[in-house]
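got a predicted structure plus its sequence, pasted below:
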Amino acid sequence: MDGSKLGAYVGFARRAGKLTVGVNAVKAIRGKVYLLLLDRDASENTKKETESLKSRFSCPLVVVENLESLTGKPMSKLAAMQEEHLAKAVIETVGAGL
């Protein structure tokens, strides 16, 4: 996966205030979530919670490498995108095999 494109989209969402990072923070979201980003190295418990959140928000889930470098937050294993167009761009980027 092309980290530069993905990193750019995540950065845009973060600067726009449309990226929530951390399992507990994502659980607290009351609005719409368009995409969940899960770090490949997340614990089994985090993966299980993420599946529950995916069902709750009815959104896609993308597994990425080194999420903390994309978000700029150390030890982050889960992030939620709340901006529809950026979420679609990430999904298209991942779908293109980058």
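Alright, I've got the coordinates. Residues are numbered from 1 along each chain as shown.

bridged to the residue most central in space within the chain, which residues?
Centroid check for the chain by Cα atoms, centre = their mean gives residue 37 as the closest residue, at 2.4 Å. Here residue 37 sits in beta bridges with residue 62, residue 79, as judged by DSSP bridges.

I'd say it and residue 67 touch.
Yes. Assessed by Cβ atoms under 8 Å, residue 37 is found in contact with residue 67 at 6.0 Å. No exception for glycine: its C-beta is placed from N, CA and C like everyone else's.

overlap in contacts, those two.
Residues touching both residue 37 and residue 67 (Cβ atoms under 8 Å, 6 or more residues apart in numbering) are 78-79.

give me the buried positions along stretch 47-66.
47, 49-50, 53-54, 57, 59-60, 62-64 (16 or more other Cβ atoms under 10 Å).

these in strands, which ones?
The strands, defined by DSSP state E, take in 62-64 from those.

any weak-confidence spans in the protein?
When residues are selected by pLDDT under 70, those of the chain lie in 1-3, 96-98.

if we go to 50?
Along the chain, the model assigns pLDDT under 50 to residues 1, 98.

state the helix or strand in which residue 7 lies.
Taking DSSP states H and E as the definition, one finds residue 7 inside helix 3-15.

distance from the helix or strand hosting residue 90 to the middle of the chain?
Using DSSP H and E, residue 90 sits in helix 84-95. Computed by Cα atoms, centre = their mean, to the nearest Å, the chain-centroid distance of helix 84-95 equals 11 Å.

stretch 38-51 too?
Centroid separation for stretch 38-51 versus its chain: 12 Å, with Cα atoms, centre = their mean.

heads up, I number from 18, so please use that
Yep, numbering from 18; the last one is stretch 55-68 now.

mind checking the end-to-end distance for that stretch?
10 Å (Cα to Cα, to the nearest Å).

re the thing from before, what's near enough to touch the residue nearest to the centre of the chain?
27, 78-79, 81, 84, 87, 95-98, 107.

mind checking which of those residues are buried?
With burial judged by 16+ other Cβ under 10 Å, the buried subset of these is 27, 79, 81, 84, 87, 95-98, 107.
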